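S.K.: Can you look at this prediction? I've put the sequence above it.
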Amino acid sequence: MLGKPGEVFVGILAVFLLVSIRTGLYLWWPALGKLRRALSFQSGGSPIRRHYDVHKLTGLAGTLLLTLLAVTGFYLEFPDAVTSVVRWFSPVRDTSPRTATSIRTASRIAQASARSGHRNSSNRLP
């Protein structure tokens, strides 16, 4: 809707979302030996305690979804930046279709059409 400035804005918001997720995980992260308690829901506590437990557990579960959305949103807006970072860890190969492959496919379609007896060269469905 806003063109290129809107796309850049969405990419920047994705970065801010990732920073917010990282901050939330840092603040939530339990001390050594207390991970089980941090991942548990205490149903016998006060309403405030139950609300806190629901908040932290849904936040932890939402972290996975929000991270996925933020990373893919950033990738869609800045694919070159993401690809250059991925190259540090893994080789990136170009898997886009080649022109020669497209030409071979087109010639095979033409050969199949010729064998079946169809004279029409257009690729229309009946």
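M.R.: Thanks, I have it. Numbering: from 1, shown residues only.

S.K.: how much space between the closest residue to residue 49 other than its chain neighbours and residue 83?
M.R.: Nearest residue to residue 49 in three dimensions, chain neighbours excluded: residue 42, at 6.1 Å (Cβ to Cβ, 6 or more residues apart in numbering). Any C-beta I mention is one placed from the backbone N, CA and C, and that applies to glycine too. Going from residue 42 to residue 83 by Cβ to Cβ, to the nearest Å gives 45 Å.

S.K.: and what of residue 43?
M.R.: Distance from residue 43 to residue 83, by Cβ to Cβ: 47 Å.

S.K.: higher neighbour count, those two?
M.R.: residue 83 (11 against 8; other Cβ atoms under 10 Å).

S.K.: Going by contacts, tell me the helices and strands next to the one helix or strand the more buried one maps to.
M.R.: According to DSSP states H and E, residue 83 maps onto helix 79-89. With contacts taken as 3 or more Cβ pairs under 8 Å, 6 or more residues apart in numbering; DSSP states H and E, helix 79-89 sits against helix 47-77.

S.K.: helices and strands around the helix it packs on, which ones?
M.R.: Counting contacts by 3+ Cβ pairs under 8 Å, 6+ apart, helix 47-77 is packed against helix 4-28, helix 79-89.

S.K.: Just give me the lowest mean pLDDT stretch among these.
M.R.: Among those, helix 79-89 carries the lowest mean pLDDT, a mean of 86.

S.K.: now the angle between helix 47-77 and that one, please.
M.R.: 100 degrees (axes from the mean of the first three to the mean of the last three Cα atoms, to 10 degrees).

S.K.: now residue 32, what's its secondary structure?
M.R.: coil (DSSP: H, G, I helix; E, B strand; the rest coil).

S.K.: so what's the backbone phi/psi at it?
M.R.: Main-chain torsions, residue 32, degrees, to the nearest 10: phi -60, psi 130.

S.K.: What is the burial count for it?
M.R.: Using other Cβ under 10 Å: residue 32 sits among 5 other residues.
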